[in-house]
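K.L.:
Here's my sequence, what's the structure:
(one chain, ligands or ions: 2)
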Amino acid sequence: MIRDAAIVLLTLNEVQGLNALWDRIPRDRFRELVAVDGGSKDGTREFLAAHGVPILDQTIPGRGVAFRVAAEACHAERLIFYSPDGNEDPDDIERLDDLLLGGARLAIASRFARGAVNEEDVSPFRPRSWANQGLTALANLLFNEGPWVTDTINGFRALRRADLLALDTSVKRFPIEYQISIRSMARRWPIAELATNEGQRIGGASKALSWPVGKDHLKVLFSELHNARPLRD
Ligand SMILES: Nc1nc2c(ncn2[C@@H]2O[C@H](COP(=O)(O)OP(=O)(O)OP(=O)(O)O)[C@@H](O)[C@H]2O)c(=O)[nH]1
Ligand SMILES: [Mg+2]
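P.N.:
Numbers count the residues shown, from 1 in each chain. Ligands and ions are numbered 1, 2, ... in the order given. Predicted coordinates for the structure are as follows:
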């Protein structure tokens, strides 16, 4: 059975990851496969074109913009966002879709659920994990009345296209996922997680600089306190 869902590749100079992961992406089982590209110059676009993947362009940079470009352009009912940089296990793509089919409105591949592995587990000093978990705790305490969500930030996630449009997101860059999680919590949507195994980056360079990105997440948290009608006011 072909899933009425789209795999959305998010790419900005990820040709090495794409090369390594391509054969593991379960594209035959999905109605759509598209890429939203942020202006790659490393051969990513040529790779996608050679493999027949439609490329959606964004005029404004940022992952947040890319999420909205996909929501507007895709046709399938559900969207699974997949970043082919090595961090995300392609075996989880169908599992995320299964969580939506099981009733979730938002499905997240969690790096902090019981049994999960995150890329910093190899090191005793884990600033990124700690910052992620602190931000996740704040989101749960301020907005969530349902079961505790262990990873509000990971970009490897799925939701219905109509739901993403209805959330009316505004974030342009990295904290898009945090805004989606917070707004889903505030609406009391069922959120489901699976424990994922976060791999190491395969090539290229990170686009997420820790401090600016952390600060942007805090800004989103504060603006959602005003905008998203927290449940505990
Ligand atoms: N379309 C699009 N994709 C982007 C943009 N910025 C980042 N990406 C992609 O989003 C994914 C995640 O970005 P990363 O730089 O890996 O961020 P990260 O996963 O937090 O950091 P790492 O630990 O270095 O992997 C990658 O596949 C990037 O290519 C953008 O502006 N537009
Ligand atoms: Mg990454």
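
K.L.:
so where do the helices sit in the chain?
P.N.:
15-21, 44-50, 63-73, 92-101, 127-143, 161-167, 176-186, 210-227 (DSSP state H).

K.L.:
what's in contact with the third one?
P.N.:
For helix 63-73, the external contacting residues (CB atoms under 8 Å, 6 or more residues apart in numbering) are 6, 8, 10, 34, 36, 38, 56-58, 79, 81, 155, 161, 164-165, 169-176, 179-180. The way it works is simple: take the backbone N, C-alpha and C, and place the C-beta from them, glycine included.

K.L.:
Return the set of buried residues in that helix.
P.N.:
Neighbour counts over helix 63-73 (16 or more other CB atoms under 10 Å) mark 63-71 as buried.

K.L.:
Among the residues you listed, pick out the one closest to ligand 2, please.
P.N.:
Ligand 2 has its nearest neighbour among the buried residues of helix 63-73 in Arg63, at 10.4 Å by CB to the ion.

K.L.:
Return the distance of the closest one relative to Ile180.
P.N.:
Distance check for Arg63 against Ile180: by CB to CB, to the nearest Å, it reads 11 Å.

K.L.:
again, but for Leu194
P.N.:
In terms of CB to CB, Leu194 sits 17 Å off from Ile180.

K.L.:
who's more crowded, the two?
P.N.:
Ile180 (24 against 18; other CB atoms under 10 Å).

K.L.:
so the more buried one sits right up against Asp163, yeah?
P.N.:
No: judged on CB atoms under 8 Å, Ile180 makes no contact with Asp163 at a distance of 9.2 Å.

K.L.:
Give me the common contacts of these two.
P.N.:
Leu106.

K.L.:
Next, work out how far apart the residue lying closest to Ser129 once chain neighbours are set aside and Ala70 are.
P.N.:
Leaving aside its sequence neighbours, Ser129 sits nearest to Glu120 (CB to CB, 6 or more residues apart in numbering; 4.9 Å). Using CB to CB, one gets 28 Å for the distance from Glu120 to Ala70.

K.L.:
residues from the chain in reach of ligand 2?
P.N.:
Contact residues, the chain versus ligand 2 (CB under 5 Å from the ion): 85, 87.

K.L.:
now the spatially most central residue of the chain: how far from Gly103?
P.N.:
The residue lying closest to the centre of the chain (CA atoms, centre = their mean) is Gly155, at 2.1 Å. Note on Gly155: its distance to Gly103, by CB to CB, is 22 Å.
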